[in-house]
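**Q** prediction below, plus the sequence it came from.
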Amino acid sequence: MLTRIAWRNVWRNKVRSLILLSSIAMGIWAGIFILSFSWGMSIQYVNMAIHGQVSHIQLHHPEFKTDKKIIYSIADASDIVHAIQKMEGVKAASGRVIVSGMISSPTSGAAARVSGVDPEQENSVTGMADNVIEGDFFKSDKRNQILIGEKLANKLKVKLNHKVVLTLQDINGNITAGAFRITGIYQTRNSTLDELNVYVRTSELSSLLDLEVGNLQEIAVLLNDNSYLTTAYDSIRSEFPELLVEDWKTLSPELRLVIDSFSQTMYLFISIILLALTFGIINTMLMAVLERYHELGILMAIGMNKFSVFMMIMLETLYLAIIGGICGLLLAYVTIHLLGNTGIDLSAFAAGLSSYGMDTMVYPALPDNQYLKIFGMIFIAAILSAIYPAYKALKLNPVQAIRKI
Amino acid sequence: MAVLEISNLKKTYNEESDFPVRAVNDVDLIIEKGEFTAIVGPSGSGKSTLLNIMGGLDHPTAGKVIIDGNDISELRENQLIDFRLHHIGFVFQSYNLIPVLTARENVSFVMVLQKTPKQERDHRASSLLTEVGLGDRMDSRPSELSGGQQQRVAIARALASRPDFILADEPTANLDSKSAGHLMDIMLKLNREEHMTFVFSTHDSRVIERARRVITLVDGKIVSDIQQNAS
């Protein structure tokens, strides 16, 4: 009966209840939508970084991490690459010779991070061929081809088929240089890296550096998806204990931070919204209690004890907050799923987003367990906001409330 | 057998001030089971205060109020609420039904508070409403009933808890003469047939005429207490 009275009391003043329900629903919806936008953006950023740059796992010589000299290379790396390619959950693996140096054109020069790659392997890991906007990704067998980023090409004032010179330090510490012809210009969504990274064939770079064939500085491993990370990581580590094996979370702590800090961000953000909504709920329920002072007095006069009066007001508040919260959650769920498929086009801000390595299409997303957590928070907020109006009803003196019987 | 005994009852408002108001002053009163008693008197004579104290809604300044062997003036707030639930039925001047409940639910409500099983309370609510002539309006909400009908629901509600007596504060004050007469018929019938004790305050001479005992209060004191032959 108490639940029935509380439920019907909620609908006594339909307009007021609907306004309150709408404000709760809209507040929750807006909060969750902004979170999903932020989460979608974060996930895309992390995925882009994994697929375009970091990969899921990388292998190096243990010393290479602290001192990036080419002498710290992985011996017989080709065999290791082939062994990794056969492991469960591994989609592709690519071996690289990595060296820092200078790239010069007739008019300008710049620092460059030169990657010597096997084009086929590299493309299967980073999909570089898809990023080529002019020329191709080592399609011909011509010698000394180089692929550079569009931003670097502009800086060096060079175009397709122009020649550039790479100046590097070989394995013996001597300065060496090689002329390369630009056969491809690429553009990724991370313009900062486009200005730095250039690609040549492994064999040509090894020869320039006087590096023994088969010795590589880096092996990048792309998995079918992130769920294989732990098993693949453990397998690779046990198979090649002499090498430094790192997953993307260790390689890019900033990516890990993006994922790990989301829960804290979510709690903080939703808490702020719920705090504001709590005051709205308290205000409305307090008004409802004061309006029904006489009626509550009558209920106590005919024998309804204070605990029941307290529970009735608590229930009314809980109904309002929970219904509003569920409406907000459902609205957010539908919006996120609709926009999660179509995406939100932010191409107007393409330049700014690109410099942060972010895509211009954002697909809002939110893990399902977050909806549950948010519902839990709404429930707690509902209870907290119910306490004061219910307490106010509890302090009621029936004889004062009804004046006389 | 006495259902209510009041001795040396005093209620003074603003006791500490220079101008204390003695609303009830040295009242001694015994209400026997089955009485049909009217408390009358001019405004400010202390009728409402006396009824509030008799109903355990207010505490006396001094004196005793004994109901069913318990001195209710010594009970704490929560004990009083429980005591009212089981021993006293109330009928208010403005009906004061719960607006979101139907007539049947309003009557059932006190039985829910008493934890009466559902089947029993449904049966009792239906029979009480039929008894007060509202067998066909059980599922109507108070807003769908006339004042007289609401007051009859209020009487059914007061009876539902099987109280020792029913206190009614000017129960006919907001009713037209026909409805007031009908209400009094019902109250008298319940009094005669079920020996339900009624104590009510009133100004209405037609109601006073039908009471069997009339207690007159002036300035918080009982100035007359007469038995009369009522219709």
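**A** Perfect, thanks for sending it.

**Q** okay, now the closest residue to B:Leu50 other than its chain neighbours: neighbour count?
**A** Distances taken as CB to CB, 6 or more residues apart in numbering or on different chains put B:Val24 closest to B:Leu50, at 5.4 Å, once the chain neighbours are dropped. C-beta coordinates here come from the backbone N, C-alpha and C atoms, glycine included. Residues within reach of B:Val24, counting by other CB atoms under 10 Å in any protein chain shown, total 27.

**Q** and the next helix or strand past the helix or strand where B:Val24 lies?
**A** If you go by DSSP states H and E, B:Val24 is part of strand B:21-32. Sequence order places strand B:36-40 as the next helix or strand after strand B:21-32, per DSSP H and E.

**Q** packing partners of the next helix or strand after that next one?
**A** Using DSSP H and E, the helix or strand that follows strand B:36-40 in sequence is helix B:47-54. If contacts are counted by 3 or more CB pairs under 8 Å, 6 or more residues apart in numbering or on different chains; DSSP states H and E, helix B:47-54 sits against strand B:2-13, strand B:21-32, strand B:36-40, strand B:165-169, strand B:197-201.

**Q** torsion angles phi and psi at A:Gly95?
**A** Note on A:Gly95: its backbone torsions stand at phi -100, psi 140 [degrees, to the nearest 10].

**Q** tell me who's in contact with residue 195.
**A** The chain I'm using is chain A. A:Ala110, A:Gly149, A:Lys151, A:Leu152, A:Lys155 (CB atoms under 8 Å, 6 or more residues apart in numbering or on different chains).

**Q** to clarify, I was referring to chain B.
**A** B:Lys33, B:Gly34.

**Q** wait, B:Ser126 touches B:Ala103, no?
**A** No - between B:Ser126 and B:Ala103 there is no contact under CB atoms under 8 Å: 10.1 Å.

**Q** can I get the helices and strands packed on helix B:47-54 in TSV with mean pLDDT?
**A** Shown next, in TSV, are these (pLDDT from 0 to 100):
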stretch	mean pLDDT
strand B:2-13	90
strand B:21-32	89
strand B:36-40	92
strand B:165-169	90
strand B:197-201	91
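
**Q** most centrally placed residue in chain B?
**A** The centroid of chain B falls nearest to B:Leu167 when counting by CA atoms, centre = their mean (1.3 Å).

**Q** how about the contacts made by the nearest residue to that one once chain neighbours are set aside?
**A** Leaving out its chain neighbours, the residue that sits closest to B:Leu167 by CB to CB, 6+ apart is B:Gly55, at 4.8 Å. Residues counted as contacts of B:Gly55 (CB under 8 Å, 6+ apart) are A:Ala301, A:Ile405, B:Arg84, B:Ile88, B:Phe90, B:Leu167.

**Q** okay, and the common contacts of B:Ser126 and B:Ala103?
**A** B:Met138.

**Q** count of neighbours near the residue in chain B that chain A sits nearest to?
**A** Proximity of chain B to chain A (CB to the nearest CB) peaks at B:Leu85, 2.7 Å away. B:Leu85 is flanked by 19 other residues according to other CB under 10 Å.

**Q** element containing it?
**A** Assigned by DSSP H and E, B:Leu85 falls in helix B:77-87.

**Q** give the buried residues for that helix.
**A** For helix B:77-87, a neighbour-count test (16 or more other CB atoms under 10 Å in any protein chain shown) marks B:Leu80, B:Ile81, B:Asp82, B:Phe83, B:Arg84, B:Leu85, B:His87 as buried.

**Q** what packs against that helix?
**A** helix A:306-342.

**Q** neighbouring strands - and their directions - for the helix or strand just after the helix it packs on?
**A** Later in the chain than helix A:306-342, the nearest helix or strand by DSSP H and E is strand A:344-345. Strand A:344-345 has the following strand partners under DSSP bridges: strand A:361-362 (antiparallel).

**Q** before we move on, the earlier item: list the contacts of the residue nearest to B:Leu50.
**A** Listed by CB under 8 Å, 6+ apart, the contact set of B:Val24 reads B:Leu9, B:Lys10, B:Lys11, B:Gly46, B:Thr49, B:Leu50, B:Ile53, B:Pro60, B:Gly220.

**Q** dump those residues into TSV; add distance to A:Ile43 as well.
**A** TSV is the format used below for the contacts of B:Val24 (distance: CB to CB, whole Å):
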residue	distance to A:Ile43
B:Leu9	77
B:Lys10	77
B:Lys11	73
B:Gly46	76
B:Thr49	72
B:Leu50	75
B:Ile53	71
B:Pro60	72
B:Gly220	79
